[in-house]
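> The sequence and its predicted three-dimensional model are supplied below.
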Amino acid sequence: MKSEEKTNKGDSAVYDYLEQLRISFDYYEHPPAPTAEIASLYWKDIDAAHCKNLFFRNHKGNQHYLVVFHYQQTIAIRDLETRLKQGKLTFASPERMWRYLKIIPGSVSPFGLIHDHDNHVIVFIDKNLQNFERISFHPNHNEASLVINFSDFRDFLETVGNNYSFLQLY
């Protein structure tokens, strides 16, 4: 399904936001895929870098981080703590996910940043993703994947206004 076609699935604010930015996307509906491993079963014919998105909090719980990297990579939390230089990290609770991104576990996506009006969440993106022309994420629900151009993803990040950095994560 192309961006010109409306879908009733998920967070319509994502589609509206992308349309306002004139970011075209390809929409691929699939069965629920709460993990990247499950989603990879449905991504095999989609030409894009598919991402794993993890949502963390610091040990005090007063700062939250979205970490984005290629789904085929694995990252140990201790290594991530060293690379991000943000102190001890733990996975954020479902309540925190909802509070900041309006998403539930298994649906974490940078598109949730459209709901972070205070720009509280800091985003860390593996710099290797910059080598791909197209990139995919869930549209804030795990029954579909949206594919956009990487250059449009950068425009999206600039527009939502959250602090973000590209780092070597693995």
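Good, I have the coordinates.

> On the three-state scheme, the residue sitting furthest away from the middle of the chain is what?
Distance from the C-alpha centroid of the chain peaks at residue 60, with 23.4 Å (Cα atoms, centre = their mean). Reduced to three states with DSSP: H, G, I helix; E, B strand; the rest coil, the structure at residue 60 is coil.

> cool, and residue 82?
Secondary structure assignment for residue 82 (three-state DSSP): helix.

> From residue 122, how far out is it?
Distance, residue 82 to residue 122, by Cβ to Cβ, to the nearest Å: 16 Å. Every residue, glycine included, has its C-beta placed from N, CA and C.

> for residue 73, same thing?
Residue 73 is 20 Å from residue 122, by Cβ to Cβ.

> For these two, indicate the residue with more neighbours.
residue 122 (18 against 13; other Cβ atoms under 10 Å).

> And the residue farthest from the centre of the chain, how far from residue 74?
Separation of residue 60 from residue 74 (Cβ to Cβ): 27 Å.

> tally of neighbours for residue 125?
By the criterion of other Cβ under 10 Å, residue 125 has 23 neighbours.

> What residues are bridge-paired with the nearest residue to residue 87 once chain neighbours are set aside?
In this structure, residue 87 finds its nearest non-sequential neighbour in residue 58, 5.4 Å apart by Cβ to Cβ, 6 or more residues apart in numbering. Beta-bridge partners for residue 58, by DSSP bridges, are residue 89.

> Hmm, residue 58 is touching residue 86, no?
Yes - counting by Cβ atoms under 8 Å, residue 58 touches residue 86, with 5.9 Å between them.

> what sits in contact with each of these two?
residue 65 (Cβ atoms under 8 Å, 6 or more residues apart in numbering).

> pLDDT weak spots in the protein?
Along the chain, segments meeting pLDDT under 70 span 1-10.

> Helices of that one, residue ranges please.
Applying DSSP state H to the chain gives helices spanning 12-20, 36-43, 77-84, 94-101, 150-160.

> Check the gap between the closest residue to residue 77 other than its chain neighbours and residue 152 for me.
Computed as Cβ to Cβ, 6+ apart, the closest residue to residue 77 that is not its neighbour in sequence is residue 89, at 6.0 Å. Using Cβ to Cβ, we find residue 89 at a distance of 29 Å from residue 152.
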